[in-house]
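In: Any chance you can model this:
(one chain, ligands or ions: 1)
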Amino acid sequence: MVKIGVLGLQGAVREHVRSIEACDAEAVVIKKTEQLAHIDGLIIPGGESTTMRRLMDKYGFIEPLKQFARDGKPMFGTCAGLIILAKKIVGYDEAHLGLMDITVERNSFGRQRESFEASLSIKGVADDFIGVFIRAPHIVSVGSDVDVLATYEDRIVAARQGQFLGCSFHPELTDDHRMTQYFINMVKETKE
Ligand code: GLN
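Out: Residues are numbered from 1 along each chain as shown. Next up is the predicted model:
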């Protein structure tokens with residue numbers, strides 16, 4: 001059985017744990033860097049990217065997570081987690097982990113639409129997936145080796161670059177676990 005970590009500093013941590021367990025994989029809440037050695041893949045949850053970043057600095061997670069990526073382990077960023085993974089953030093000089101070759105824009109669906117649900121067609125996952133968007137970012141542009149998996153109103157809302165998966169919405173907030181299962185399959189393939 002693969003072990004999937006959920007970065008447990010801030011945000012929708014328990015919901016991801018529940019979704020991983022619903023897919024019959026083992027979930028581990030990651031609060032210390034030492035724990036990274038014992039997991040096969042990591043989910044960075046939604047929440048507030050600036051707060052999460054502050055806690056990542058406080059607990060020394062930046063370099064260990066970059067090493068985790070260099071070790072080839074899969075990482076999945078959802079919403080704020082997507083922002084944490086991105087190489088570029090519109091309006092900011094510096095990225096957080098800067099791992100995935102995408103540019104993201106924060107809170108980009110407008111104030112009047114702070115949160116909403118939309119049915120999405122996600123390549124390799126489902127063609128009727130309900131995405132829950134909460135003050136969501138979107139992906140403005142992607143590098144040449146990034147595969148766009150889903151768009152909503154002409155905006156990229158899910159993408160994959162090899163070991164990295166990211167989406168604007170919260171796949172852990174419904175009982176549809178197909179996006180989580182897609183990531184778990186990535187982790188299984190990497191482990192084999
Ligand atoms: N707006 C948040 C940010 O910029 C992300 C929101 C979320 O994760 N639901 O970090």
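
In: Would you list the phi and psi of the spatially most central residue of the chain?
Out: Closest to where the C-alpha atoms of the chain average out (Cα atoms, centre = their mean) is Gly77, at 1.1 Å. Dihedral angles of Gly77 (phi, psi; degrees, to the nearest 10) stand at phi -110, psi 130.

In: Hmm, Met100 and it touching each other?
Out: Yes - between Gly77 and Met100 there is a contact at 7.4 Å, judged by Cβ atoms under 8 Å. Every C-beta, even on glycine, is put in place using the N, C-alpha and C of the backbone.

In: Now do the shared contacts for these two.
Out: 85-86, 164, 166 (Cβ atoms under 8 Å, 6 or more residues apart in numbering).

In: closest to Leu120 among those residues?
Out: Distance to Leu120 across these (Cβ to Cβ) is lowest for Gly166, with 14.0 Å.

In: just how off-centre is whichever helix in the chain runs longest within its chain?
Out: In the chain, taking DSSP state H as the definition, the longest helix is helix 178-191. Relative to its chain's centre, helix 178-191 lies at 13 Å (Cα atoms, centre = their mean, to the nearest Å).

In: Ok, stretch 82-101 next?
Out: The chain centre lies 12 Å from the centre of stretch 82-101; the measure is Cα atoms, centre = their mean.

In: Quick check: end-to-end length of it?
Out: 11 Å (Cα to Cα, to the nearest Å).

In: What's the mean pLDDT across it?
Out: Stretch 82-101 comes out with an average pLDDT of 98.

In: same deal with stretch 57-64?
Out: 98.

In: in that stretch, what counts as buried?
Out: For stretch 57-64, a neighbour-count test (16 or more other Cβ atoms under 10 Å) marks 61-62, 64 as buried.

In: do stretch 174-192 as well
Out: Under 16+ other Cβ under 10 Å, the buried positions of stretch 174-192 are 174, 176-177, 179-184, 186-187.

In: which pair in the residues you listed spans the largest distance?
Out: Spatially, the most separated pair among those is Thr174 and Val187, at 21.0 Å (Cβ to Cβ).

In: mind checking how far His96 is from Gly41?
Out: 19 Å (Cβ to Cβ, to the nearest Å).

In: correct me, but Val2 touches Glu189?
Out: No - counting by Cβ under 8 Å, Val2 stays clear of Glu189, with 10.0 Å between them.
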